[in-house]
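Engineer: Mind folding the following:
(4 chains)
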Protein chains: 4
Amino acid sequence: MSNTFGNILKLTTFGESHGLAIGGVLDGCPAGIPMDIKQIQRDLDRRKPGQSKLVTQRKESDQVEILSGIFDGMTTGTPIGFTIKNEDQKSKDYSHLKDNFRPSHADFVYEKKYGHRDYRGGGRSSARETACRVVGGAIAKQILAKYQVKIEAYVSAVGEIKTPADYSIYNIANAENNLVRCPDDIIANKMIDLIAKTKKNGDSIGGIVTCVIKGSPIGLGEPIYNKLSASLAGAMFGINAVKGFELGSGFAGCMRNGSAENDIFDIEEEEVFTKTNHSGGIQGGISNGQDIYFNVGFKPVATILQQQDSVNKLGEKVVLDGKGRHDPCVVPRAVPIVEAMAALVLLDHFLLAKTNHIQKSY
Amino acid sequence: MSNTFGNILKLTTFGESHGLAIGGVLDGCPAGIPMDIKQIQRDLDRRKPGQSKLVTQRKESDQVEILSGIFDGMTTGTPIGFTIKNEDQKSKDYSHLKDNFRPSHADFVYEKKYGHRDYRGGGRSSARETACRVVGGAIAKQILAKYQVKIEAYVSAVGEIKTPADYSIYNIANAENNLVRCPDDIIANKMIDLIAKTKKNGDSIGGIVTCVIKGSPIGLGEPIYNKLSASLAGAMFGINAVKGFELGSGFAGCMRNGSAENDIFDIEEEEVFTKTNHSGGIQGGISNGQDIYFNVGFKPVATILQQQDSVNKLGEKVVLDGKGRHDPCVVPRAVPIVEAMAALVLLDHFLLAKTNHIQKSY
Amino acid sequence: MSNTFGNILKLTTFGESHGLAIGGVLDGCPAGIPMDIKQIQRDLDRRKPGQSKLVTQRKESDQVEILSGIFDGMTTGTPIGFTIKNEDQKSKDYSHLKDNFRPSHADFVYEKKYGHRDYRGGGRSSARETACRVVGGAIAKQILAKYQVKIEAYVSAVGEIKTPADYSIYNIANAENNLVRCPDDIIANKMIDLIAKTKKNGDSIGGIVTCVIKGSPIGLGEPIYNKLSASLAGAMFGINAVKGFELGSGFAGCMRNGSAENDIFDIEEEEVFTKTNHSGGIQGGISNGQDIYFNVGFKPVATILQQQDSVNKLGEKVVLDGKGRHDPCVVPRAVPIVEAMAALVLLDHFLLAKTNHIQKSY
Amino acid sequence: MSNTFGNILKLTTFGESHGLAIGGVLDGCPAGIPMDIKQIQRDLDRRKPGQSKLVTQRKESDQVEILSGIFDGMTTGTPIGFTIKNEDQKSKDYSHLKDNFRPSHADFVYEKKYGHRDYRGGGRSSARETACRVVGGAIAKQILAKYQVKIEAYVSAVGEIKTPADYSIYNIANAENNLVRCPDDIIANKMIDLIAKTKKNGDSIGGIVTCVIKGSPIGLGEPIYNKLSASLAGAMFGINAVKGFELGSGFAGCMRNGSAENDIFDIEEEEVFTKTNHSGGIQGGISNGQDIYFNVGFKPVATILQQQDSVNKLGEKVVLDGKGRHDPCVVPRAVPIVEAMAALVLLDHFLLAKTNHIQKSY
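Structural biologist: Numbering: from 1, shown residues only, chains lettered A, B, ... in the order given. So this is what the prediction gives:
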């Protein structure tokens, strides 16, 4: 197990889907930063189940309780401990999951790896754990915001339905105005229809979240093995259901020529910038001051309301019924999770970069 | 800077493109494993410049010298130190690079991040450093091979030219028989033609390397934050010029329905397997015993033989001449690098997984 | 801040003396080990305030609540999250501490380092945090016990009063039968008298805790920089008030000749052992199968019931009154803390040592 | 194996006593610091064998070769790779060590831990490796010196012969004027006599090195688990032959009362200081701006020129002849090693402390 994320800013999380509580510790937070707890809760609410007809109807109020590290409304530099109670976890019968391996879930590999596992609702492998990342990320976002760094994500694809244009033409904040969190209203409606149709079929569908970081200082990223791009890729692949990550022009850019893909430098009012930004704001693994943007691909949710063949612990073939409440498409709820991980990565690198130089006062 | 890769098995590298030598330390290698130095050199030769007309004509013999950690032909469990001399680095005039920022290179960000930098040939940001990864990876590959784990990569795309089929129909070893390292002979020829044409135009082109890991045991990967998939993504994004990473069915799978994408479990002769492998051999971040496969996208090489606008350190606009020797397409030489990083990740996780259980003898 | 301890087995803690709760996360615990929660509470009770007339009379029931990682009475390999509520922290007036720097406390350095600090009861620097280490260590002790590794500590000195003999003649378990936790009854009584007298004088006194680890397998310790001895030294110096650490014959052995100090090997019934054990069970940083033993020196508690000169935040000279409840001597309560840290170190190294070799099944 | 030391500033070393070379990589060094290679060599010369009649007469010129990371006489922020050739390692017959376990050496534990080991001259467990620490430490010392931090160590005890007074009355630089590196000339002569006598007897003797750090800024040290004191203790216990570590008044202070041991704060010209410094410059694990000082105890060298009983790999009792060249007392050569490790710890913490706060410019 490896439940700590980050180098200087470290998020450690714990908790199973159906235990008493989930929670975590955010360590390495700089001291003396005002912290608005309500804003943390706001991000949690963007992730929580039951928020719209598009997502699972499970009921979890997902109230975070901060236990330490904040005093008189400011960070103290000591670890911020927090818990979120599990509420919808009582008196259920999970015995049907005890022995069966659900297709494309983590049941089989947890059974083989750990032998003894909490099979209730996926246990530790449940995406419920991502609520803790949202808490950590929401704290990081508040700190970054003080330094004009802004992180926003949105849904850019559901199945084959994609936003036709580049992020730069959208007011990303608009994405929060519709259920699917896509800043293009016309596309958003098509996505919502597709998800509704998919749900009716008892099926699920994948999609893509695009994340944009504006205002990043130049110089974040620690070559050779902790490049900013590598940190982001690793962080995103730590999120449940992620299958792909591409930076800037991504895989499409890998089909082009250097003469088309190179980002030409220019200068205006003593500020160097690039005329294009195929690099996605990161060159040589280090932020270059342009917008950082990337795509994160999520596979369709593995739980579907259809019968599926499988095997069980005893090596018998079984047929699993599809039942219960599930997300037909995970990307709308994944938006704050992607933002959270991006914020943790960026603040960690911000702190790391402070060590590249030495000055009298530190 | 962060020049150490891995958790238990740790590769630390050093060296600039035009210093005296590059080298590294591979720490955490298990003791008592026979090690064939010639095989390490063989992988280095697959990466080295000048090996074919498709790649840069720089001359580096890239001979590795092992300084420690291997005794009587076997690993001792102590760190394996090694160096590779830089040979083609003398009496050159790099003064034209001293002040100018080459487009889509790391010159600008290194200047801003570190202030004082070795500008000769890209310094530390040069892909020359990847030779050290190949050494580390070649050692890891030999150890994994003893446990029936086999790692093979190949070029699956150059520009728009792609292998039409899935890796599984190819004998990947065939890829070593042509200059571009593609196992599909017909496609390989088209790729070679495209690279030759690109070179003649003084341009460069991107591509994709596909990597396949066969024989991985079930249970590698440490959730939540060090999943096998996250390690691979981070490792690949640590390689120069990487822009995209996708596991299994990747971004294409993110457009599909769960009913089509789920990998149904089956059992034969008491062995559980999945009928399809869209997951790419990793579920819940843990290897499930199926083939692990993924794509790594490389952008076109930034150095092109064409004039490009840029700016210099003094904030002046300049025009850079394209000159010198360069790779028109990096993917053929990237194949052993991708394999190396995959091997380092896999062996590291193999060792980490040993700590999930406790037994009397360890 | 650095609130995570360990490499494979990682304890992360959080919490201030007067916040809502303290707690932690123990990550990396092997799966499938039966865990007795009552035994964890038993160690907490050995550390808690108010347990005897020798220690502070603060009231904290120190009930641990395990939130995750244990299912059906067994570890699952997932992180074990836990909290301990702070009970005696309400409605106090700590304003006298807000601006004043108590001598030989951490007030001054926290103020200078973090600027903004929780001054109530020492905040994060309070020894209250060690309760979380006891929880982590109690879990580690249970796992080690299954492999015949036994860790016992006792008080070997209070001020000038010391146990006259080597640990090996004592039944260390006897130490739990008296208030001061010294296995020598006669010495224990003298210690108790000295502490009582010290308390009456409104003063405090230092002491030494000796720790003995029996049954350690040969081969624990990772040279060069994570030797078992170095891990133990670092772990003990992480405990509040520790001023000295010595292994085996320690500083006294450093005055002797090699001919007297060398531990001669012998063999009986095919088992190699050393005739003496001045090395304290660790040679070259690696356990050699003999008893591991070491001394940990604790300074006198800084809080005393006497007037002391000091300065405050504003740079004014002040006189501090000694008041409140305090421990006149910390070593009796430090015994379970030393054991806990030793257990965390040993189990971490036990798991690390599993990675020195590779085998087909891991 | 764990051959990397430090958090931000990381020293990784490799090499066996009788391989081709030893060496290392110092990563995380801030950029833009002028570096004097001759000064590095000077510290190596203080450690090297053959420098006086008091130490082993082996011949090693111990010339360091810097391979990267320094350009135009300044650090570039990239890893500094270096090697030191092994010269006195050819054509020797070490077969007598192959099977025998020398008392109080690491032969036995390496054999048991790794199975396959380089037995020549102790292999990796040889103190020869400490030359690499001296290189790393010498670089760190130069950087610290620019910020008025000065680290000096000296021999304060050889066997029972000890400096009578506190470090503060000595001009520590004087220690370099005599063979034993003790700043008290009268005591130095007694130590030299004792070592000479010990050598004549074919024996060895232990001793103590005292280290003093002046000019440390306030605020270094990362509670709870990476306190400055804990880092120093762990670093010193990583040095070969170390048996004890005590900070400030150390074990002696643990026998005293709080009223005598507390360091009373005072203020003069707006600068807070403590009237005494029993704490050794570290309170709550954080530097308080006073001198940091500590003692490191070294056991007598295990190699003696006397016959000793032992056992061999086959489980047979054997008698080992004492022969060859050895140090009768290790502490004079240990002085630069202690300084080196202290410098690495201090600079690492200096860099870590920069991350406690966030500012617009980093």
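Engineer: what's around residue A:270, how many residues?
Structural biologist: For residue A:270, the neighbour count with other Cβ atoms under 10 Å in any protein chain shown is 6. No exception for glycine: its C-beta is placed from N, CA and C like everyone else's.
Engineer: ignore the last one, residue A:168
Structural biologist: The local packing of residue A:168 (other Cβ under 10 Å) involves 10 other residues.
Engineer: Tell me which residues touch it, please.
Structural biologist: Contacts of residue A:168 were listed using Cβ atoms under 8 Å, 6 or more residues apart in numbering or on different chains, and they are residue A:291.
Engineer: Can you give me the distance of it to residue C:73?
Structural biologist: From residue A:168 over to residue C:73 the distance is 56 Å, taken as Cβ to Cβ, to the nearest Å.
Engineer: Helices along the stretch 1-150 of chain A, start to end?
Structural biologist: For the stretch 1-150 of chain A, the helices defined by DSSP state H, counting those that start in this stretch occupy A:37-47, A:95-98, A:107-114, A:130-145.
Engineer: quick check, the lengthiest helix in chain A touching chain B?
Structural biologist: If you go by DSSP state H, chain A has its longest helix at helix A:331-353. Yes: Helix A:331-353 is in contact with chain B by Cβ under 8 Å from any Cβ of the partner chain, via A:352-353.
Engineer: so, in contact with chain D or not, that helix?
Structural biologist: Yes: interface with chain D: helix A:331-353 contributes A:350-353 (Cβ under 8 Å from any Cβ).
Engineer: What's the separation between the residue of the stretch 251-362 of chain A found nearest chain B and residue C:241?
Structural biologist: At 2.5 Å from chain B, residue A:284 is the closest residue in the stretch 251-362 of chain A, using Cβ to the nearest Cβ. Separation of residue A:284 from residue C:241 (Cβ to Cβ) stands at 48 Å.
Engineer: cool, residue A:335 as well?
Structural biologist: Computed as Cβ to Cβ, the residue A:335 to residue C:241 distance reads 48 Å.
Engineer: More neighbours: these two, which one.
Structural biologist: More crowded of residue A:335 and residue C:241, by other Cβ under 10 Å: residue A:335, with 25 against 21.
Engineer: So that one sits against residue A:175, correct?
Structural biologist: Yes: the pair residue A:335 / residue A:175 is scored as a contact, 7.3 Å apart, by Cβ atoms under 8 Å.
Engineer: Need the residues touching each of those two.
Structural biologist: A:154-155, A:181.
Engineer: returning to that earlier point: would you check that the residue of the stretch 251-362 of chain A closest to chain B makes contact with residue B:125?
Structural biologist: Yes: taking Cβ under 8 Å as the definition, residue A:284 is a contact partner of residue B:125 at 4.7 Å.
Engineer: Overlap of the contact sets of the two?
Structural biologist: What both residue A:284 and residue B:125 touch, as defined by Cβ under 8 Å, 6+ apart, is the set A:223, B:105-106, B:110, B:240.
Engineer: quick one: which of these has the most company?
Structural biologist: With neighbours taken as other Cβ under 10 Å, the top of these is residue B:110, carrying 28 neighbours.
Engineer: So for that one, what's the pLDDT?
Structural biologist: pLDDT recorded at residue B:110 is 95.
Engineer: What residues does the stretch 151-300 of chain A have near chain D?
Structural biologist: Neighbours of chain D within the stretch 151-300 of chain A, by Cβ under 8 Å from any Cβ: residue A:217.
Engineer: give me the residue from the stretch 151-300 of chain A nearest chain D.
Structural biologist: Among all residues of the stretch 151-300 of chain A, residue A:217 sits closest to chain D, at 7.6 Å; criterion: Cβ to the nearest Cβ.
Engineer: Can you tell me the SS state at that residue?
Structural biologist: Assigned by DSSP: H, G, I helix; E, B strand; the rest coil, the conformation of residue A:217 is coil.
Engineer: For it, which residues are in contact?
Structural biologist: Residue A:217 is in contact with A:147, A:149, A:287, A:289, A:350, A:353, D:362, counting by Cβ under 8 Å, 6+ apart.
Engineer: how close does the fifth one sit to residue D:270?
Structural biologist: In other words, residue A:350. Taking Cβ to Cβ, one finds residue A:350 at 33 Å from residue D:270.
Engineer: can you check residue A:194 too?
Structural biologist: In this view, residue A:194 and residue D:270 are 69 Å apart by Cβ to Cβ.
Engineer: Now do the residue nearest to residue A:7 when sequence neighbours are not counted against chain C, distance only.
Structural biologist: Counting by Cβ to Cβ, 6 or more residues apart in numbering or on different chains, the nearest residue to residue A:7 once its immediate chain neighbours are dropped is residue A:348, at 5.6 Å. With distances taken as Cβ to the nearest Cβ, to the nearest Å, residue A:348 is found 14 Å from chain C.
Engineer: For burial, what's the neighbour tally of residue A:348?
Structural biologist: 26.
Engineer: need the contact list for it.
Structural biologist: Contact analysis of residue A:348 by Cβ under 8 Å, 6+ apart lists A:6-9, A:28, A:231.
Engineer: Apply 6 Å and report the result again.
Structural biologist: For residue A:348, the contact set (Cβ atoms under 6 Å, 6 or more residues apart in numbering or on different chains) comprises A:6-9.
Engineer: Pretty sure residue A:48 sits against residue A:64.
Structural biologist: No: Residue A:48 lies out of contact with residue A:64 (Cβ atoms under 6 Å); the separation is 10.8 Å.
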